[in-house]
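1. sequence and predicted structure are below.
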Amino acid sequence: MTTTVRKGQAPAKLGRDEFHLRFRRAFQDPGYEALDRELAAIEDVAWDAYQNGRKAPHTVKAGPGFHDPGYDLSVEWKEARDRLIGAERHQKNPDSRNRVLLINASARNDGTCPGEMSKSWRLTQMAKEVLINEGFEADVLDLSLLNSDYDRHIHPCKGCVSTAMPLCHWPCSCYPNHGERQVNDWMNEIYERWVLAHGVIIVTPVYWYQTPAVLKLMIDRLVCADGGNPDPSSTHGKKAEEAKQIERDGWDYPKHLAGRAFGLLVHGDVAGVEGTRRSLSDWLEWMGLINSGSFGQLDRYIGYYESYADSHETLDKDVAVQEETRNVARAVATAVREVRAGRVAVVSQPLKNPRPK
């Protein structure tokens, strides 16, 4: 079968005038006016990098263990990959402490426009307290920092997997792209925190029947954890033709996060909690994570059709949902212990999936 790469969607690159307008939008503060000459010089370098597509300005030879040892790998990608290898080694060490990654998926915090902390943050802290009392390491990933931290980003997934699975690298190699100023991407740190964890708990509100955008950004960028290619030299970066041929020849879709236990706490105020909880559960099980049981998944309304203004006070009074939150943490802690003790099968061998993807 002939490998075909379809073209014709992407627009032409920006012209010099439009590039100038976009570049300067980041420097509207009057304090930059005295630095116009310096900014113009920086802009010239940025324009040259954009025109010539200098995605990874610093590279190193891939070296032994890669399909093409002479391929020029991004230094930033290789450092991230080496950290993941070290994290996986630590996670699998039987002497390492039990560790759970707690993800606060609300976009709200009191350091930005809402001016108030989220209920998800409070529930995350309740779960954290339980885990610490159980002797666990509790690592809190607060996705609301995307809104309150200076120049912190989770850039969107570019959909490489839909061209061919081997084109989606583990960890993601789409970012940083210095030529297009797609930098300060948080995901390399987040990948490492997922790999280090023995269990994961996601605490999320419902926004318009869906997860908040900050959570969905992370979910999409975790596609490389489910079938991603750990060797970019095999596709010589983003060579779509090569990736398609590798997939046609047979791809094993490695599940890089399989075997970790998970728990979910989804809350809302009007609608959508059950559907959101189910979609998150389906996603995590697809990646090979282990359901922590009926107490490990929770969907609840906090202040059903009640005032937003009083929602924290409503949570104060809802001692049942507070205890249910603690039970999610307890269920995940139990599941982590069972998995690490070998009493829960992580891989269903010798069964073979007739539809690997």
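-> Nice, thanks for sending it over. Residues are numbered from 1 along each chain as shown.

2. all helices of this protein, in order?
-> 16-24, 36-51, 75-92, 119-133, 145-148, 187-196, 213-221, 240-249, 273-286, 311-317, 319-340 (DSSP state H).

3. with mean pLDDT added, can I get the ones you listed in a markdown table?
-> As requested, the helices of the chain are exported to a markdown table (pLDDT from 0 to 100):
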| stretch | mean pLDDT |
| --- | --- |
| helix 16-24 | 98 |
| helix 36-51 | 98 |
| helix 75-92 | 98 |
| helix 119-133 | 98 |
| helix 145-148 | 98 |
| helix 187-196 | 98 |
| helix 213-221 | 98 |
| helix 240-249 | 96 |
| helix 273-286 | 98 |
| helix 311-317 | 98 |
| helix 319-340 | 98 |
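
4. show me what contacts the nearest residue to residue 134 once chain neighbours are set aside?
-> Closest residue to residue 134 apart from its sequence neighbours, by C-beta to C-beta, 6 or more residues apart in numbering: residue 333 at 4.7 Å. Quick note: C-beta positions are derived from backbone N, CA and C, even for glycine. Each residue near residue 333 by C-beta atoms under 8 Å, 6 or more residues apart in numbering is listed here: 98, 100, 130-131, 134, 136, 199.

5. pick the one among those closest to residue 164.
-> Nearest to residue 164 among the contacts of residue 333 is residue 199, at 32.1 Å by C-beta to C-beta.

6. for residue 57, give me its contacts.
-> 49, 178.

7. related to what we said a few turns ago, so can I have a markdown table of the helices of the chain showing distance to residue 263?
-> A markdown table is the format used below for these (distance: least, C-beta to C-beta, whole Å):
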| stretch | distance to residue 263 |
| --- | --- |
| helix 16-24 | 43 |
| helix 36-51 | 44 |
| helix 75-92 | 18 |
| helix 119-133 | 8 |
| helix 145-148 | 22 |
| helix 187-196 | 14 |
| helix 213-221 | 15 |
| helix 240-249 | 34 |
| helix 273-286 | 10 |
| helix 311-317 | 19 |
| helix 319-340 | 4 |
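
8. of all those, which one is nearest residue 205?
-> It's helix 119-133; of these, that one is closest to residue 205 (C-beta to C-beta) at 5.5 Å.

9. mind checking how far the closest one is from the chain centre?
-> From the chain centre to the centre of helix 119-133 is a distance of 21 Å (C-alpha atoms, centre = their mean, to the nearest Å).

10. would you mark the buried spots in that helix?
-> 119-128, 130-131 (16 or more other C-beta atoms under 10 Å).

11. any residues touching that helix, and which ones?
-> 100, 102-106, 108-109, 137-138, 140, 142, 144, 201, 203-205, 265, 267, 302, 311-312, 315, 321-322, 325-326, 328-330, 332-333.

12. buried subset of these?
-> 100, 102-106, 108-109, 138, 140, 142, 144, 201, 203-205, 265, 267, 302, 311, 315, 321, 325-326, 328-330, 332-333.

13. who touches the residue lying closest to residue 177 once chain neighbours are set aside in this structure?
-> Once flanking residues are discounted, residue 177 sits nearest to residue 55: 4.7 Å by C-beta to C-beta, 6+ apart. Counting by C-beta under 8 Å, 6+ apart, residue 55 touches 74, 176-180.

14. what about residue 55, distance to residue 238?
-> 9 Å (C-beta to C-beta, to the nearest Å).

15. residue 195 too?
-> 24 Å.

16. of these two, who's got more company?
-> Looking at residue 195 and residue 238 with other C-beta atoms under 10 Å, you find the greater number of neighbours at residue 195, namely 23 against 16.

17. number of residues surrounding the nearest residue to residue 137 once chain neighbours are set aside?
-> Setting aside the residues directly before and after it, residue 137 is nearest to residue 99 in space (C-beta to C-beta, 6+ apart), at 4.1 Å. Residues contacting residue 99 under the criterion other C-beta under 10 Å number 20.

18. please apply the same query to residue 14.
-> 16.

19. residues in contact with it?
-> Contacts of residue 14 by C-beta under 8 Å, 6+ apart are 22, 50.

20. residue 336 now?
-> Shown in contact with residue 336 (C-beta under 8 Å, 6+ apart): 98, 100, 136, 198-199, 261.

21. check the residues you listed and tell me the two furthest apart.
-> Most distant of the contacts of residue 336, by C-beta to C-beta, are 136 and 261, 11.5 Å apart.

22. of these two, who's got more company?
-> Between residue 136 and residue 261, counted using other C-beta under 10 Å, residue 261 has the larger neighbour count: 30 against 21.

23. make sure the more buried one is actually in contact with residue 332.
-> Yes: assessed by C-beta atoms under 8 Å, residue 261 is found in contact with residue 332 at 5.4 Å.

24. got any residues that touch both of those two?
-> 199-200, 292, 296.

25. list the contacts for residue 300?
-> Counting by C-beta under 8 Å, 6+ apart, the residues that residue 300 touches are 265-267, 273, 321, 324.

26. how about the residue nearest to residue 137, what does it touch?
-> Contacts of residue 99 (C-beta under 8 Å, 6+ apart): 91, 136-139, 196-199.

27. list just the nearest of those residues to residue 33.
-> Using C-beta to C-beta, the contacts of residue 99 come closest to residue 33 at residue 139, 43.4 Å.

28. count the neighbours of that closest one for me.
-> Residue 139: 17 neighbours (other C-beta under 10 Å).

29. now residue 354
-> Neighbours of residue 354 (other C-beta under 10 Å): 5.
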